[in-house]
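A.B. asks: heads up, no residue letters with this:
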Ligand SMILES: Nc1ncnc2c1ncn2[C@@H]1O[C@H](COP(=O)(O)OP(=O)(O)OP(=O)(O)O)[C@@H](O)[C@H]1O
């Protein structure tokens with residue numbers, strides 16, 4: 001990502017962020033800069049440190065090392081002010097099931113001491129298409145509507161930065177698409193969004209991405225920058241024989257770093273083009289199998305990065 005961005009434009013600007021539990025760094029020297037009005041996707045396997053990083057950014061956890069600002073406010077000295085100015089959607093967002101949508105939003109508005117509360121609740125309802133359902137009990141809503149309520153609650157105090165921790169986990173594809181339309185509308189209004197997700201289609205909808213594993217940031221940038229920097233060579237193998245046996249066979253070939261199934265096609269990835277091409281040449285001769293060069297996609301790159309990280313950091317990540 002571009003380091004020359006003017007500091008005043010950076011909604012998130014942190015360096016060396018580190019958090020340890022029991023002597024183990026679960027977030028390790030993370031640098032992250034996100035410009036105002038951008039949507040930054042935060043990706044990484046389970047337990048890689050996304051939630052811990054987000055909680056440090058919103059002032060809920062104090063870093064053991066590192067420094068920086070959110071919305072120009074110092075992470076350590078101005079944590080309370082940060083909490084007031086950001087919207088944080090946790091993985092298990094809470095609402096009162098026996099209160100209506102409007103009553104839930106009114107409650108959150110009171111917590112934040114929002115001035116002109118009624119107007120703020122009306123605006124949040126309108127912004128997220130909740131007006132017609134405002135009197136429904138939260139407990140009776142489907143997953144997608146509950147998630148909209150949670151987003152409305154995050155926005156009630158007009159934050160300029162949204163930190164969303166897996167906001168669409170378990171939500172159906174149509175509701176996820178609506179949610180992302182909302183996120184883009186918010187970004188167009190100048191709100192910065194850091195959003196963690198495990199979904200590749202959501203990663204593709206972000207302006208930029210940060211990928212973390214074992215607490216370390218392994219890649220940052222736009223989708224194109226990350227794919228380009230990985231320098232991954234990919235061949236697609238397709239045909240009737242595609243299945244677990246072929247996958248095992250491919251994994252054992254020289255130069256093969258990863259084999260990933262996309263429906264009835266396999267992406268075989270490595271770093272050394274010549275080695276990979278030679279290794280795959282005999283397969284191309286088999287009847288019913290097709291082997292062809294392919295473009296690397298984000299999933300190929302993340303699988304490759306996690307493989308390299310396993311080799312480099314997995315041992316070091318054990319408790320000392
Ligand atoms: N309070 C805590 N005490 C001890 N270990 C913790 C604590 N909080 C988190 N961890 C550990 O830190 C690591 C990172 O956890 P974190 O929740 O930040 O990961 P994550 O990337 O958000 O994972 P997921 O995608 O599953 O939500 C995990 O190994 C977790 O068990």
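C.D. replies: In hand now; what should we look at? Computed from a prediction, not measured in an experiment: that's the story for all the values here.
A.B. asks: how about the residues of the chain that lie near the ligand?
C.D. replies: 21, 26, 44, 46, 47, 48, 49, 50, 51, 52 (Cβ under 6 Å from any ligand atom). Every residue, glycine included, has its C-beta placed from N, CA and C.
A.B. asks: turn those residues into TSV, columns for pLDDT, neighbour count and secondary structure.
C.D. replies: Formatted as TSV, the residues of the chain next to the ligand follow (pLDDT from 0 to 100; neighbours: other Cβ atoms under 10 Å; DSSP: H, G, I helix; E, B strand; the rest coil):
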residue	pLDDT	neighbour count	secondary structure
21	96	11	strand
26	97	18	strand
44	94	26	coil
46	92	6	coil
47	93	13	coil
48	94	25	coil
49	96	26	coil
50	97	24	helix
51	96	18	helix
52	97	21	helix
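A.B. asks: and the residues you listed, which two are furthest apart?
C.D. replies: Spatial extent of these (Cβ to Cβ) is set by the pair 21 and 44 at 16.9 Å.
A.B. asks: what's the model's confidence in stretch 229-237, averaged?
C.D. replies: Averaging pLDDT along stretch 229-237 yields 95.
A.B. asks: can you give me the end-to-end distance of it?
C.D. replies: Taking Cα to Cα, to the nearest Å, stretch 229-237 runs 24 Å from one end to the other.
A.B. asks: quick one, helices of this protein?
C.D. replies: Taking DSSP state H as the criterion, the chain carries its helices at 50-57, 79-85, 101-111, 117-127, 143-155, 173-188, 200-203, 223-230, 244-251, 273-284, 298-313.
A.B. asks: buried residues in the second one?
C.D. replies: Okay, so that is helix 79-85. Across helix 79-85, burial judged by 16 or more other Cβ atoms under 10 Å covers 79, 82, 83, 85.
A.B. asks: what mean pLDDT does that helix have?
C.D. replies: 91.
A.B. asks: give me the below-cutoff pLDDT ranges for the protein.
C.D. replies: 1-8, 313-320 (pLDDT under 70).
A.B. asks: show me how it divides into domains.
C.D. replies: According to automatic domain parsing, the chain comprises the domains 36-62+81-214, 233-295.
A.B. asks: of these, flag the one that's most buried.
C.D. replies: domain 36-62+81-214 (a mean of 19; mean count of other Cβ atoms under 10 Å).
A.B. asks: and that domain, how far apart are its ends?
C.D. replies: First-to-last distance for domain 36-62+81-214 - Cα to Cα - comes to 28 Å.
A.B. asks: again with stretch 57-64
C.D. replies: 13 Å.
A.B. asks: what of stretch 265-278?
C.D. replies: First-to-last residue span, stretch 265-278, Cα to Cα: 20 Å.
A.B. asks: and stretch 71-78, which residues are buried?
C.D. replies: Here stretch 71-78 shows 71, 72, 73, 75, 78 as buried, counting by 16+ other Cβ under 10 Å.
A.B. asks: quick one: the last one from residue 70, how far?
C.D. replies: Spelled out, it's residue 78. Distance of residue 78 to residue 70, given as Cβ to Cβ, to the nearest Å: 9 Å.
A.B. asks: repeat for residue 284
C.D. replies: In terms of Cβ to Cβ, residue 284 sits 52 Å off from residue 70.
A.B. asks: please apply the same query to residue 20.
C.D. replies: 21 Å.
A.B. asks: show me which of those two is the more surrounded one.
C.D. replies: residue 70 (29 against 16; other Cβ atoms under 10 Å).
A.B. asks: need the contact list for the closest residue to that one other than its chain neighbours.
C.D. replies: Counting by Cβ to Cβ, 6 or more residues apart in numbering, residue 82 is the residue found nearest to residue 70 once chain neighbours are left out, at 5.0 Å. Residue 82 sits next to 57, 58, 59, 70, 71, 73, 75 when contact means Cβ atoms under 8 Å, 6 or more residues apart in numbering.
A.B. asks: for residue 78 and residue 70, list the residues in contact with both.
C.D. replies: residue 59.
A.B. asks: many thanks, we can stop here.
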